[in-house]
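> need coordinates for the below:
(chains A and B)
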Protein chains: 2
Amino acid sequence: MTNSFMQRAIDLSIENVQKSNGGPFGAVVVKDNRILAEGTNSVVKRSDPTAHAEIVAVREACRKLNSFQLTGCEIYSSCEPCPMCLAALYWARPAKIFYAGTRNDAAEIGFDDTYIYAQLMLPVERRAIPMKQLMRDQAQEAYRRWKAKPNKKQY
Amino acid sequence: MTNSFMQRAIDLSIENVQKSNGGPFGAVVVKDNRILAEGTNSVVKRSDPTAHAEIVAVREACRKLNSFQLTGCEIYSSCEPCPMCLAALYWARPAKIFYAGTRNDAAEIGFDDTYIYAQLMLPVERRAIPMKQLMRDQAQEAYRRWKAKPNKKQY
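Predicted coordinates:
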């Protein structure tokens, strides 16, 4: 089965290998059955570890919609989103996510998705990057002020 | 115990409530015992669901270093990173992460971190945002080309 939106995401992923922008991944955001935004992995080109295809496409789509939510949109990604991108999609709240390759396909060509999924599931004290809590009491002041703030934009 | 870098992250989080840029969160990236970059949650101001404090700070730090890696850096965040930010930190690979508030503190003031952590741990077919796999075979072409590419920048 072929889907033209997924075909576009895959075409972007193939082009991206030639362009040397970053990893071989592409994504598109679709709204009302049209492509609203496209993204390719641009980690190397932009020196930005967060510039994965899905995040590039989500940021561009949100800019066009002037909204931090992708209500009613669909995402087509040439690979299963890594945990960063999947969590970003949960924040953006599209209606549906389509993907082609799997996290294991990504791992086989050297991208750490499965490792990061596993790290996120570990308790804080068992993670490979050391994490330490400091000054929790002092941090509450911002949360108290946020709670008390009138007309805040919750998301 | 007070730590001046964490104090700065907390100060940024408190200021951010007043400024209405987004949620009450701040972060700094430290290298060689100096602040290299700062970030505040700017989701609302920038219409960007990925503009959490840590991600804003990481992008700025990487821009300054002209690198997609934060080797030898430390992150100080006024709140435990959400899964998007934590995974972004795994991609950026800092030496250590410090945080003040917890994911439960964030949840109590309306931020979905715990929910998203739980969603990421579910099998694909049980997630709240429907996910569907399409065209896996066609996606392999980009991976094959990546594998065969000489002098590629792996990360």
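
> could you find the closest non-adjacent residue to residue A:111?
residue A:23 (6.0 Å; C-beta to C-beta, 6 or more residues apart in numbering or on different chains). In this view, the C-beta of every residue, glycine as well, is placed from N, C-alpha and C.

> gap between stretch A:30-42 and the chain center?
13 Å (C-alpha atoms, centre = their mean, to the nearest Å).

> can you give me the strands in chain A?
All strands of chain A, identified by DSSP state E, fall at A:26-31, A:34-40, A:74-79, A:96-101, A:131-133.

> how about residues contacting the fourth one?
In this case it means strand A:96-101. With contacts defined as C-beta atoms under 8 Å, 6 or more residues apart in numbering or on different chains, strand A:96-101 is touched by A:3, A:5-6, A:9-10, A:74-81, A:86, A:89, B:129-136, B:138-140, B:143.

> which of these are buried? Put it as a ChimeraX command.
Buried residues among the contacts of strand A:96-101 (16 or more other C-beta atoms under 10 Å in any protein chain shown), as a ChimeraX selection:
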select /A:3,5,6,9,10,74,75,76,77,78,79,80,81,86,89 /B:131,133,134,135,136,138,139,143
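
> longest helix of chain A?
The residue-count maximum for a helix in chain A (DSSP state H) belongs to helix A:4-19.

> could I have that helix exported to PDB, CA atoms only?
The C-alpha trace of helix A:4-19 is given here as PDB (Å, rounded to 0.1, in the frame of the first residue of the first chain):
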ATOM      1  CA  SER A   4       1.400   9.900  -1.000                       C
ATOM      2  CA  PHE A   5       2.200  11.700   2.300                       C
ATOM      3  CA  MET A   6       4.400   8.900   3.500                       C
ATOM      4  CA  GLN A   7       6.000   8.700   0.100                       C
ATOM      5  CA  ARG A   8       6.900  12.400   0.400                       C
ATOM      6  CA  ALA A   9       8.400  11.800   3.900                       C
ATOM      7  CA  ILE A  10      10.400   8.900   2.500                       C
ATOM      8  CA  ASP A  11      11.600  10.900  -0.500                       C
ATOM      9  CA  LEU A  12      12.800  13.600   1.900                       C
ATOM     10  CA  SER A  13      14.600  11.000   4.000                       C
ATOM     11  CA  ILE A  14      16.400   9.700   0.800                       C
ATOM     12  CA  GLU A  15      17.300  13.200  -0.400                       C
ATOM     13  CA  ASN A  16      18.700  14.000   3.100                       C
ATOM     14  CA  VAL A  17      21.400  11.300   2.800                       C
ATOM     15  CA  GLN A  18      22.700  13.100  -0.300                       C
ATOM     16  CA  LYS A  19      22.500  16.500   1.200                       C
END
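
> kindly calculate the angle that that helix makes with strand A:26-31.
Angle, helix A:4-19 to strand A:26-31, by axes from the mean of the first three to the mean of the last three C-alpha atoms, to 10 degrees: 150 degrees.

> show the average pLDDT along helix A:4-19.
In this model, helix A:4-19 has an average pLDDT of 97.

> for it, packing partners?
Counting contacts by 3 or more C-beta pairs under 8 Å, 6 or more residues apart in numbering or on different chains; DSSP states H and E, helix A:4-19 is packed against strand A:26-31, strand A:34-40, helix A:53-65, strand A:74-79, strand A:96-101, helix B:136-148.

> give the contact list for the spatially most central residue of chain A.
Nearest to the mean C-alpha position of chain A, counting by C-alpha atoms, centre = their mean, stands residue A:85 at 2.1 Å. Counting by C-beta under 8 Å, 6+ apart, residue A:85 touches A:52-55, A:77.
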